[in-house]
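In: fold the following and give me the result.
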Amino acid sequence: MKVRMIQGAKIISTGSAIPHTKVSNKKISSIVETSDEWIFSRTGIKERRLLTEPGQSVTDLSIRASKEALDKISMDADQIDLIILATSSPNDLFGSASRIQYEIGAVNALAFDLTAACSGFVIGLVTASQFIFNGTYSNILVIGSDVLSKWVNWSDRSTCILFGDAAGAAILQSCDSHLNSMLNFHLSTDGNYSNQLSIPYREKYEPHPVLNLSQGSFQFISMNGKEVYKFAVSQVPLSILKCLRDLDMSVNDVDWLLLHQANDRILTAVAEKLSISHNKIISNLSNYGNTSAASIPLALDEALKSNKILTNDIVVIAGFGAGLTWGTIIIRW
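Out: I've put the predicted structure just below:
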């Protein structure tokens, strides 16, 4: 859709945080029947980071990433009006954003969780931009953070090779509408395929003796890799093209393609469908694996730290994953 706004919005700072523990493909091959060559050839992943410190959670990584983003621009946390935490692995089922708000000292901020798995950061940015466009808030902290290692079945070769833990954060600020850098977005969902990538809840079969109420627990990550691949390669290019067409832009105007870091085959296939050079793909997948909602802000922060993205560059950001959900944002940096 074309964005109409009173105010403009731009990302003014980013930050990220990763756990200390590195887990190589060789280490994974000691757990399940696989090898470094098998994993890398099929996914592009060499290692991932896992949060193994006792008592640490998605909240701790999110706090570190948020503080880094604030420190980069010497912004006091009490200037933040809203905190959106995109995560599917909160350490409290009621949400973790409020704890982050307290720990970083953002005393004036509303805080809430947003659950959209690997599309979470994109949907979080779009949600934040709407609050800015209508003049409700001026400074918004959007965090993408996941610790999916807590929900991985480490005996399931099809999933345990993929996921890692991380957090990334971005501060979105209002600006004059002619300086707006959030040029356009497109979001979509197809719930018909929701069971292709999920962490299902299952009830126990022994109901409460008085209330006749069954209770259960959440299971491990369940994924149909072939279906997720087909979905991403077919829908993500269409979403990107729609966004570009609405702006009267073409793929030739794109300087950088930043996709959710799920699988190197997906990144390559999407770029090829769009006829975008592989040199324009931003990827850190080999070092971190699939970090779900954290993957895009983590890769964005690293690209900025290495001065890869320059002023006025057109950056196409696209997330996709469980739901199944997908979305694109076009940004002029």
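In: drop to CA atoms for contacts and neighbour counts, all remaining ones
Out: Fine.
In: and the helix or strand harbouring residue 188, what does it pack against?
Out: Element membership for residue 188 (DSSP states H and E) is strand 182-189. With contacts defined as 3 or more Cα pairs under 8 Å, 6 or more residues apart in numbering; DSSP states H and E, the packing partners of strand 182-189 are strand 8-17, helix 120-133, helix 225-246, strand 325-332.
In: next structured bit after that strand?
Out: strand 197-198.
In: in its sheet, what does that next one sit against?
Out: strand 222-223 (antiparallel) (DSSP bridges).
In: name the residues that touch the strand it pairs with?
Out: Residues outside strand 222-223 that contact it (Cα atoms under 8 Å, 6 or more residues apart in numbering): 159, 195-200.
In: the same query, at a cut-off of 6 Å, please.
Out: By Cα atoms under 6 Å, 6 or more residues apart in numbering, the residues outside strand 222-223 that reach it are 196-198.
In: now do stretch 255-274
Out: 43-44, 233, 237, 280-282, 285, 290, 295-296, 313-319.
In: what does stretch 73-87 give?
Out: Outside stretch 73-87, the residues touching it (Cα under 6 Å, 6+ apart) are 97, 105-115, 120-121, 137, 139-146.
In: rerun at 7 Å
Out: 13, 70, 97, 104-115, 117, 120-121, 124, 137-146, 293 (Cα atoms under 7 Å, 6 or more residues apart in numbering).
In: buried residues in stretch 130-148, which are they?
Out: 130-133, 137-148 (16 or more other Cα atoms under 10 Å).
In: chain center to the helix or strand hosting residue 257, what's the gap?
Out: Under the criterion of DSSP H and E, residue 257 resides in strand 256-259. Averaged C-alpha coordinates place strand 256-259 at 13 Å from its chain's average position (Cα atoms, centre = their mean, to the nearest Å).
In: and that strand, average pLDDT?
Out: Mean pLDDT, computed over strand 256-259, is 98.
In: re the thing from before, which two of the buried residues of stretch 130-148 have the greatest separation?
Out: 133 and 148 (32.9 Å; Cα to Cα).
In: rewinding a little: can I get the contacts of strand 222-223 in JSON lines with neighbour count and distance to residue 222?
Out: Shown next, in JSON lines, are these (neighbours: other Cα atoms under 10 Å; distance: Cα to Cα, whole Å):
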{"residue": "196", "neighbour count": "18", "distance to residue 222": "7"}
{"residue": "197", "neighbour count": "19", "distance to residue 222": "6"}
{"residue": "198", "neighbour count": "19", "distance to residue 222": "5"}
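In: okay, now the unreliable bits of the stretch 51-200 of the chain?
Out: Nowhere does the stretch 51-200 of the chain drop to pLDDT under 70.
In: distance to residue 92 added to the helices and strands packed on strand 182-189, as a markdown table?
Out: Formatted as a markdown table, those follow (distance: least, Cα to Cα, whole Å):
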| stretch | distance to residue 92 |
| --- | --- |
| strand 8-17 | 20 |
| helix 120-133 | 17 |
| helix 225-246 | 28 |
| strand 325-332 | 23 |
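In: tell me the secondary structure for residue 22?
Out: strand (DSSP: H, G, I helix; E, B strand; the rest coil).
In: who does it form a beta bridge with?
Out: Residues in beta-bridge contact with residue 22 (DSSP bridges): residue 49.
In: what about it, distance to residue 184?
Out: Residue 22 sits 37 Å away from residue 184, going by Cα to Cα, to the nearest Å.
In: neighbour-wise, which of these two wins?
Out: More neighbours surround residue 184 than the other of residue 22 and residue 184, with 21 against 17 (other Cα atoms under 10 Å).
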